[in-house]
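> Here's my sequence, what's the structure:
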Amino acid sequence: MKMLAERMVFVNGNFVKWQDATVHMLSHSFARGSTIFEVISLYATASGPAVFRLHDHITRLEKSAAYLDMELPSGHDALCQAVAETVRRNGLARGVIKVVGYYPQFALDIQPPQKRLDIAIFALDPAQDIENLEVSFEKGTSAGIARWRKLDPETVPIEAKAAANYLNGMIARLDVQKRGLEDAIMLDTQGFIA
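Residues are numbered from 1 along each chain as shown. The predicted structure follows:
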């Protein structure tokens, strides 16, 4: 089984080994959740690997940055090329790609020290790279109404694919799992299914 240690990660124009793609634990993005990201599927086709709707995903990353007043370090085409090169360098036919925009600098203040983000791009094949991965779409699931409400669009820009926005779904799922269920159904602040 090919493990993650053999994967290469794109970090700000350079490729580094998986274990060297790190950021300090007191960086603004780690400490405050100020990370934006996209998760993109990679499919094996007769013509070679195909990144699913790459331009749409990079456009959404750009919109997430704009919603949060962040600056990406490179343009749309350069990011698309970096994704393609990351896939190529890792020799993947299928898998998943994660593009992450983050503030690497140490920061105690609620505001980041600068607007410009760093970019990291990961490409992996979960079937090869993650031990004991079990995904089944045939067994079904159990779900319940979470006590936590979905973030209201007037509180934060929920359209931004930002790490901090995912805390809401995480605690909702934890809530229902404590009751023996697997997935959360969230209501909005008016009590409608979100």
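> Can you mark which positions in the helix or strand containing Val96 are buried?
Using DSSP states H and E, Val96 sits in strand 95-102. When burial is assessed from 16 or more other C-beta atoms under 10 Å, strand 95-102 yields the following buried residues: Gly95, Val96, Ile97, Val99, Val100, Gly101, Tyr102. C-beta: built from backbone N, CA, C; applies to glycine.
> That one: how far from the chain's middle?
6 Å (C-alpha atoms, centre = their mean, to the nearest Å).
> and that strand, which strands flank it?
strand 36-45 (antiparallel), strand 118-124 (antiparallel) (DSSP bridges).
> Tell me which of these sits most buried.
strand 118-124 (a mean of 22; mean count of other C-beta atoms under 10 Å).
> Which is the succeeding secondary structure element to that one?
helix 126-129.
> next one: that next one to chain centre, how far?
17 Å.
> then that helix to CSV, C-alphas only?
Only the C-alpha atoms of helix 126-129 are listed here, as CSV (Å, rounded to 0.1, in the frame of the first residue of the first chain):
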residue,chain,number,x,y,z
PRO,A,126,-7.8,7.3,-0.3
ALA,A,127,-8.0,3.7,-1.3
GLN,A,128,-4.2,3.5,-1.5
ASP,A,129,-3.1,6.1,1.1
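> Report the distance from the helix or strand just after that helix to the chain centre.
Downstream of helix 126-129, the next assigned helix or strand under DSSP H and E is strand 143-145. Distance of strand 143-145 from its chain centroid, counting by C-alpha atoms, centre = their mean, is 24 Å.
> List the contacts of strand 143-145.
For strand 143-145, contacts defined as C-beta atoms under 8 Å, 6 or more residues apart in numbering pick out Val176, Arg179, Leu181, Glu182, Asp183, Ala184, Ile185, Met186, Leu187.
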